[in-house]
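In: have a look; sequence and predicted model below, questions after that.
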Amino acid sequence: MDPDIVGGIAGGAVSYLLLKIDAVVTREWNLQENINTALQNLGIELRSIEALLKNAASKKDPDHQFTDWIQNVRDQAYAIEDVLDLFRLHQDQETGLRSFRMRHSINKLIKDIEGSLQRIQQIKDRYHTMPFTGIHSAPNNTDLHPVRGMAPLFNDTVVGFEEHTNKLISWAVEEKQRLEVMFVVGMAGLGKTTLVHSVYESERVKQGFNRHVWITASKSKTEHDILLTLLVEEFGCSITQGTAADVVALARKLRKLLLNQRYVIVLDDLCVKEVWESVRHAFPDGNNSRIIITTRRGDIANSCRDGDSIDIHKLQPLSPESAKQLFHQKAFSRNGRCPSGLEEVSKSILQKCDGLPLGIIEIGRLLSNKSPTKNEWKTLHDSLESELRSTGELSNIMKVLSASYKDLPFHLKYCFLYMSIFPENYPVKRRRLVRLWIAEGFVIKKSGKTLEEVGEEYLKELMDRNLIKANELDFDGLPTIVGVHSLMLKMILSISQEENFCTVCTEDLTGNTRRLSIQKQDFEASDQDLSRVRSFFSFGIGKVNIGSNFKLVKVLDIQGTPLIEFPNVITGLLLLRYLSLRNTNIKSIPDSLSDLRHLETLDLKHTLVTEVPKAVLQLEKLRHLLVYRYNMEGVRPFDIVQGFKAPKKITALNNLQTLSFVKASVQSRLPRQLRMIQGLENLTQLRKLGVVELAKEDGARLCQSIGKMPNLHSLSVTSLNLEVPLELDAMSTNPPAFLQRLYLKGPLQKLPKWISSLHDLVRIRLKWSSLPESPIRALENLPHLVEFQLLDAYTGTQLEFKSGKFPQLKILDLQQLKQLRSIVMEEGTLPCLQKLIIGHCRNLVHVPGGIGKLVHPQMLVLYDMPQTAYQLRCLVRHIPCIHSYKHGQLEVFHDH
């Protein structure tokens with residue numbers, strides 16, 4: 001294993017452990033003095049080790065002695081974490097234990113900590129004698145031109161790059177009397193260097209500039225190195241000793257030399273923002289000069305984009321057709337054609353490459369030197385993970401991909417490795433991932449922000465660094481489903497296994513593990529040694545029998561398993577922070593759930609649970625309570641969402657951020673002052689609230705409670721039934737200022753006035769509202785509204801969209817508007833509209849006026865519209881995608 005990677009794991013373990021020790025000593029427990037002192041001493045020692053690890057990260061080529069040391073540090077950190085968690089467990093069990101057992105546990109804790117302290121001290125003393133074989137090296141001419149340090153694709157012409165190459169060449173030679181900068185951004189292995197090199201070496205670029213410079217700006221290069229290299233190697237300058245150390249003086253000197261030049265400069269593999277910020281002032285404006293910067297770090301490119309002279313070119317994986325062509329060129333170099341007998345395994349290998357040129361080329365080259373037999377190719381296919389390791393035949397892929405991992409700060413390494421828990425191509429939901437990070441303790445609290453907000457920042461940074469990708473986007477552009485590239489997953493699986501971060505169990509379980517991901521048919525936990533497991537996941541379709549032998553588990557995610565009853569053993573997992581039984585058939589949860597005092601997330605979505613017991617009121621740390629399902633059988637669409645009956649004092653859980661969907665009707669017989677709706681005002685931390693079966697008389701009190709939720713981002717309210725109106729006018733003085741999503745289901749006599757003041761609103765869905773007046777006027781000036789749906793929500797005959805209104809709306813959904821006869825769209829309205837849905841509007845006999853003048857429509861969807869509505873076809877030829885459904889069957893427009 002690469003020492004840099006091992007060091008990252010050890011550093012992350014130590015940093016995480018230090019936070020935990022601080023929490024133990026300063027906040028969480030009343031400790032005996034001798035335990036407190038031992039922990040404080042241990043913290044001092046670990047901080048010293050943490051500093052040594054961070055210092056070592058800046059060195060080059062640490063030896064095997066160093067690698068052994070940091071592996072020992074990691075193991076000791078894990079062992080200390082075990083002791084701390086055991087002590088926490090004993091504290092939680094104190095009431096039920098005899099004092100002798102507690103004293104014994106405390107004494108054992110002290111001895112274990114003291115032993116760990118001594119071992120780490122001895123190891124550190126030995127470490128002081130360890131030399132490093134390399135330090136910062138002086139700049140040299142191998143970094144000036146593209147010979148060393150470039151991506152391994154340097155000598156290959158990559159299929160599918162033609163369009164990118166032509167676009168960048170045109171940008172480079174276009175006559176503009178100013179300096180322009182282009183960031184070429186993409187994950188490692190996409191061929192950024194190869195692409196830019198083809199631009200750099202093109203005849204049009206060679207002839208268009210009188211200065212051509214290529215310099216590698218990798219992590220080890222400082223702004224000082226780059227400036228010195230440019231001056232000495234490119235311009236042949238003699239630099240005095242005094243000037244050599246002065247970055248400002250070097251920049252000034254370089255600027256003077258470039259002042260009247262037309263230059264093109266490539267900074268390849270920039271990974272430190274401060275380097276560019278420091279050297280950019282050395283490059284004078286004007287003379288049609290160009291700078292091209294390749295980087296894996298989209299966050300650097302975005303933060304440096306401070307004007308229209310700096311642009312970003314995002315490189316994506318190859319299309320399936322281009323990937324196939326490139327693979328066949330490399331694997332079948334004689335004629336570029338795949339033999340019929342190898343087509344299936346070839347297709348499967350290509351899927352693993354997932355459009356990444358580096359993987360396609362390296363694997364193709366390797367296969368070109370092997371016998372073209374099914375057995376030989378399948379052997380490589382099945383052993384890709386082992387071949388990617390440092391001793392494997394595809395280790396070069398690992399070296400390139402792991403560079404992005406090595407660059408991560410300690411707090412993000414664990415978050416990224418967490419993706420190794422999920423099976424390949426598994427849809428990882430964004431919110432679930434963030435909540436899991438929080439439960440693991442990976443997210444470090446920041447002043448003024450919730451842990452969820454910090455976790456979202458972590459995810460965004462990992463996506464900006466092109467390590468995690470968005471597989472599905474929501475209407476507002478935020479990811480709903482995330483994942484990692486197939487080869488990147490192979491890399492982190494290798495790291496995760498070797499570093500004992502997570503064990504993926506597809507057959508039999510071997511060895512100790514801290515996180516266990518079950519990806520097999522059935523799993524029996526009761527006969528396994530799971531004493532060190534902290535997180536347990538099941539992704540199989542078979543039964544999972546949970547034993548009582550992993551008392552220290554904090555995350556239990558067994559959603560989708562064929563459970564019928566709540567496993568009682570769960571209530572003995574006293575350190576549990578995250579529990580998901582989503583998509584199971586359990587019908588109830590026991591009162592003993594109250595023992596899980598550390599629980600933060602309880603996910604019972606899509607189960608048969610309809611009531612939460614009073615015991616849940618003891619879960620004071622609970623942040624997310626999700627108990628609802630969609631009943632699609634034998635019910636009206638209005639009643640699809642099935643909520644749960646909550647104890648009336650659920651409002652005592654004042655750390656709740658998510659509460660959905662709670663039934664309001666079950667307490668309608670109680671005096672108003674005792675109803676849960678009244679008490680919701682105590683849940684001031686709520687971000688998401690869902691209420692169903694709201695009685696008319698409870699509307700005003702709900703408004704009063706919502707007015708005291710300053711952080712509310714999402715609100716869903718459903719009336720008691722289709723005959724009971726929603727009374728929500730009482731919030732006009734203090735609506736939630738940050739509300740982004742609003743869902744109202746049920747009759748409305750009029751649209752509440754406060755909705756038009758929701759500056760941050762991005763989505764509104766009105767269903768079964770039966771409004772007599774059009775809601776358009778109240779919503780058309782909302783500056784951030786992206787999605788607007790009316791479903792059986794308006795009884796009028798006309799909707800009119802004025803010019804310049806709905807400035808950001810992208811999705812307009814109009815369905816079941818039974819009286820609607822015309823839609824008028826003035827020229828200049830809906831300037832950003834991309835998707836228009838019109839369905840079941842049986843009286844809409846006129847084509848929406850102005851639809852042909854919409855600027856950016858991408859999709860039109862029609863459901864069961866009267867025949868005259870198909871006059872749309874002659875007016876919407878500028879819309880690329882049109883779908884029309886009649887009685888559930890897709891009709892094809894042959895002229896599109």
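Out: Looks like it arrived, so ask away. Quick caveat: nothing in here was measured; it's all calculated off a predicted structure.
In: quick one: terminal-to-terminal distance for stretch 304-319?
Out: The first and last residues of stretch 304-319 sit 29 Å apart, counting by CA to CA, to the nearest Å.
In: for that stretch, give me every contacting residue.
Out: Identification of contacts with stretch 304-319 by CB atoms under 8 Å, 6 or more residues apart in numbering yields 158-160, 164, 167-168, 171, 178-186, 190-192, 195, 273, 276-277, 298, 301-302, 323, 326, 354-357, 360, 485. Where you see a C-beta, it was placed from the backbone N, CA and C, and this is true even at glycine.
In: run through the residues that contact residue 665.
Out: Going by CB under 8 Å, 6+ apart, residue 665 touches 693, 694, 695, 720.
In: highest neighbour count among these?
Out: Counting neighbours by other CB atoms under 10 Å, residue 694 leads the contacts of residue 665 with 26 neighbours.
In: nearest residue to that residue in space, please, no chain neighbours.
Out: residue 664 (4.7 Å; CB to CB, 6 or more residues apart in numbering).
In: now swap in residue 161 and tell me
Out: residue 195 (5.5 Å).
In: equivalent analysis for residue 679, please.
Out: With CB to CB, 6+ apart as the criterion, residue 679 has its nearest non-adjacent residue at 3.4 Å, and that residue is residue 651.
In: distance of the one you found relative to residue 657?
Out: As judged by CB to CB, to the nearest Å, residue 651 and residue 657 stand 14 Å apart.
In: quick check on residue 214: phi, psi?
Out: Backbone dihedrals for residue 214, given as degrees, to the nearest 10, come out at phi -120, psi 130.
In: ok, what's across the strand from the closest residue to it other than its chain neighbours?
Out: Residue nearest to residue 214 in three dimensions, not counting chain neighbours: residue 266, with 4.6 Å by CB to CB, 6+ apart. Taking DSSP bridges as the rule, residue 266 bridges to residue 214, residue 292.
In: tell me which residues touch residue 266, please.
Out: So residue 266 contacts 196, 200, 213, 214, 215, 291, 292, 293, 294 (CB under 8 Å, 6+ apart).
In: in space, not sequence, find me the middle residue of this structure.
Out: residue 459 (4.1 Å; CA atoms, centre = their mean).
In: can you pull the contacts of it?
Out: 415, 430, 433, 434, 468, 479, 482.
In: ok, now with 10 Å
Out: 412, 415, 430, 431, 433, 434, 437, 468, 470, 479, 482 (CB atoms under 10 Å, 6 or more residues apart in numbering).
In: which one of these has the most neighbours?
Out: In terms of neighbour count, residue 468 stands highest of the contacts of residue 459 at 27 neighbours, by other CB under 10 Å.
In: what number of residues lie near the closest residue to that one other than its chain neighbours?
Out: Closest residue to residue 468 apart from its sequence neighbours, by CB to CB, 6+ apart: residue 462 at 4.4 Å. Applying other CB under 10 Å, we find 21 residues neighbouring residue 462.
In: starting at the chain centroid, how far to the helix or strand containing residue 197?
Out: Per DSSP states H and E: residue 197 is located in helix 192-200. How far helix 192-200 lies from its chain's middle: 30 Å, per CA atoms, centre = their mean, to the nearest Å.
In: and what of stretch 611-629?
Out: From the chain centre to the centre of stretch 611-629 is a distance of 26 Å (CA atoms, centre = their mean).
In: stretch 326-337 too?
Out: The answer for stretch 326-337 is 36 Å, by CA atoms, centre = their mean.
In: same thing with stretch 813-825?
Out: So, by CA atoms, centre = their mean, the centroid of stretch 813-825 is 38 Å from its chain's centroid.
In: pull out the buried residues from it.
Out: Applying a neighbour-count criterion of 16 or more other CB atoms under 10 Å, one finds 813, 814, 815, 816, 817, 820, 823, 825 buried in stretch 813-825.
In: taking the residues you listed together, which two end up most distant?
Out: 816 and 825 (20.1 Å; CB to CB).
In: for the stretch 651-800 of the chain, just list every one of the strands.
Out: Counting by DSSP state E, counting those that start in this stretch, the stretch 651-800 of the chain has strands at residues 658-663, 688-694, 714-719, 741-745, 763-767, 787-791, 798-801.
In: for the helix or strand harbouring residue 497, which helices and strands make contact with it?
Out: Here residue 497, judged by DSSP H and E, is contained in helix 486-498. If you count contacts as 3 or more CB pairs under 10 Å, 6 or more residues apart in numbering; DSSP states H and E, helix 486-498 packs onto helix 3-23, helix 343-353, helix 357-368, helix 384-387, helix 395-406, helix 410-417, strand 503-505, strand 515-518.
In: now these in a markdown table, with distance to residue 724 and mean pLDDT?
Out: Below are those laid out as a markdown table (distance: least, CB to CB, whole Å; pLDDT from 0 to 100):
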| stretch | distance to residue 724 | mean pLDDT |
| --- | --- | --- |
| helix 3-23 | 48 | 61 |
| helix 343-353 | 53 | 92 |
| helix 357-368 | 59 | 92 |
| helix 384-387 | 58 | 85 |
| helix 395-406 | 55 | 89 |
| helix 410-417 | 46 | 90 |
| strand 503-505 | 51 | 87 |
| strand 515-518 | 46 | 91 |
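In: how about the nearest residue to residue 295 once chain neighbours are set aside, phi and psi?
Out: Excluding the flanking residues, the one nearest residue 295 by CB to CB, 6+ apart is residue 270, at 4.5 Å. The phi and psi values for residue 270, taken as degrees, to the nearest 10, are phi -70, psi 130.
In: and residue 613, by the same measure?
Out: Dihedral angles for residue 613 - degrees, to the nearest 10 - are phi -70, psi 170.
In: what do you get for the one 5 residues further on?
Out: Dihedral angles of residue 618 (phi, psi; degrees, to the nearest 10) stand at phi -80, psi -10.
In: for the closest residue to it other than its chain neighbours, what are its contacts?
Out: With CB to CB, 6+ apart as the criterion, residue 618 has its nearest non-adjacent residue at 3.8 Å, and that residue is residue 594. Residue 594 is in contact with 571, 613, 614, 615, 616, 617, 618, 619, counting by CB under 10 Å, 6+ apart.
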